[in-house]
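> Sequence and computational prediction follow.
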Amino acid sequence: MEPVTADAAVAGIADGSTVLIGGFGDAGQPIELIDALRRSGAGELTVVNNNAGSGDAGLAALLATGRVRKIICSFPRQSDSSVFDELYRSNRIELELVPQGNLAERMRAAGAGIGAFFSPTGVGTPLAEGKEQRTIDGRDYVLEFPIHGDVALIKAHRADTMGNLVYRKTARNFGPVMATAATTTIVQVSEVVPAGGLNPEAIVTPGIFVDRLVVHPPIDTSAEALA
């Protein structure tokens with residue numbers, strides 16, 4: 001698998017796509033891929049992320065373009081979430097609030113081919129309104145459905161030429177489940193090594209789930225660099 005540029009990697013993302021974006025705050029956020037998506041001009045997007053952007057970079061910068069129709073997340077607002085806050089208060093973005101564990105499990109279910117599952121999280125709160133409920137062994141549960149993505153944009157530490165991925169500490173977060181839940185998975189890594197160059201015991205995401213690789217910082221292939 002030959003690495004491509006970030007702009008080439010996201011070029012096929014269509015208007016109306018559901019895009020799963022990795023990261024827990026800044027940790028593991030594929031900022032270069034997000035910036036490329038912003039430059040691509042794709043609109044009417046549904047974005048799935050743990051947060052709703054912070055500051056004015058990365059996901060927040062994408063939201064600021066007005067091309068995200070809906071965000072599905074578990075933690076939409078913090079002290080520097082000014083972009084999302086302004087969009088939401090002016091009814092220019094739709095929010096689906098999902099508890100963090102359910103968010104991860106709904107994507108894992110999509111990747112595992114699970115049709116739906118019952119979860120106790122959210123029972124008795126507004127998040128359970130309109131959902132099927134069932135009592136199992138004396139405990140109440142609500143029915144949750146998988147979250148499938150057209151595209152996943154995630155960040156890993158290293159990849160090999162087969163697309164196998166290893167992550168760096170907590171930057172791993174949602175990356176593995178998003179990779180399995182999307183039709184097309186685009187990965188930003190800091191290095192690509194030859195096949196066999198990764199410890200197989202450390203590989204978290206098998207290359208079968210990876211479609212495109214982007215190296216950042218990009219490899220300099222100029223004559224001066226290779227001289």
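Received it, and whenever you're ready, just let me know what you need.
> Please identify the buried residues of the longest helix along the chain?
The residue-count maximum for a helix in the chain (DSSP state H) belongs to helix 100-112. By 16 or more other C-beta atoms under 10 Å, the buried positions in helix 100-112 come out as 102-111. (C-beta placed from N, C-alpha, C; glycine too.)
> Let me know the closest of those to D160.
The nearest member of the buried residues of helix 100-112 to D160, counting by C-beta to C-beta, is G111 at 21.1 Å.
> Now that closest one: closest residue in space that isn't a chain neighbour?
T180 (2.7 Å; C-beta to C-beta, 6 or more residues apart in numbering).
> how about the one you found, secondary structure?
helix (DSSP: H, G, I helix; E, B strand; the rest coil).
> do the same with the one 5 residues further on
Following three-state DSSP, the label given to T185 is strand.
> and it, what are its bridge partners?
A152 (DSSP bridges).
> contacting residues around it?
151-152, 154, 178-179, 209-212 (C-beta atoms under 8 Å, 6 or more residues apart in numbering).
> circling back: looking at the buried residues of helix 100-112, which one is closest to M1?
Nearest to M1 among these, with distances taken as C-beta to C-beta, is G111, at 19.9 Å.
> so how far is T185 from the closest one?
Shown here: G111 relative to T185, a distance of 10 Å by C-beta to C-beta, to the nearest Å.
> list the residues that contact both of those two?
With C-beta under 8 Å, 6+ apart, G111 and T185 have common neighbours A179.
> Could you pull out the strands in this structure for me?
Along the chain, the stretches classed as strands by DSSP state E are 18-21, 45-48, 68-73, 94-97, 117-119, 133-136, 139-144, 149-155, 158-160, 165-166, 182-189, 191-193, 212-215.
> of all these, which gets the most neighbours per residue?
strand 149-155 (a mean of 28; mean count of other C-beta atoms under 10 Å).
> what's in contact with stretch 10-26?
28-30, 33-34, 36-37, 40, 42-51, 54, 58-59, 107, 147-155, 170, 173-175, 178, 181-182, 184, 186.
> for this structure, where's the lowest mean pLDDT among helices and strands?
helix 223-226 (a mean of 47; mean pLDDT, DSSP states H and E).
> what residue ranges in this structure are flagged as low confidence?
Applying pLDDT under 70 to the chain flags residues 218-227.
> Apply 50 and report the result again.
221, 225-227 (pLDDT under 50).
> how much space between the closest residue to G66 other than its chain neighbours and V68?
Spatial nearest neighbour of G66, excluding adjacent residues (C-beta to C-beta, 6+ apart): R92 at 6.7 Å. Using C-beta to C-beta, R92 is found at 9 Å from V68.
> ok so, going back, relative to N199, which of the strands of the chain is closest?
Nearest to N199, of those and by C-beta to C-beta, is strand 165-166 at 7.8 Å.
> Which strands and helices lie in contact with that closest one?
strand 158-160 (3 or more C-beta pairs under 8 Å, 6 or more residues apart in numbering; DSSP states H and E).
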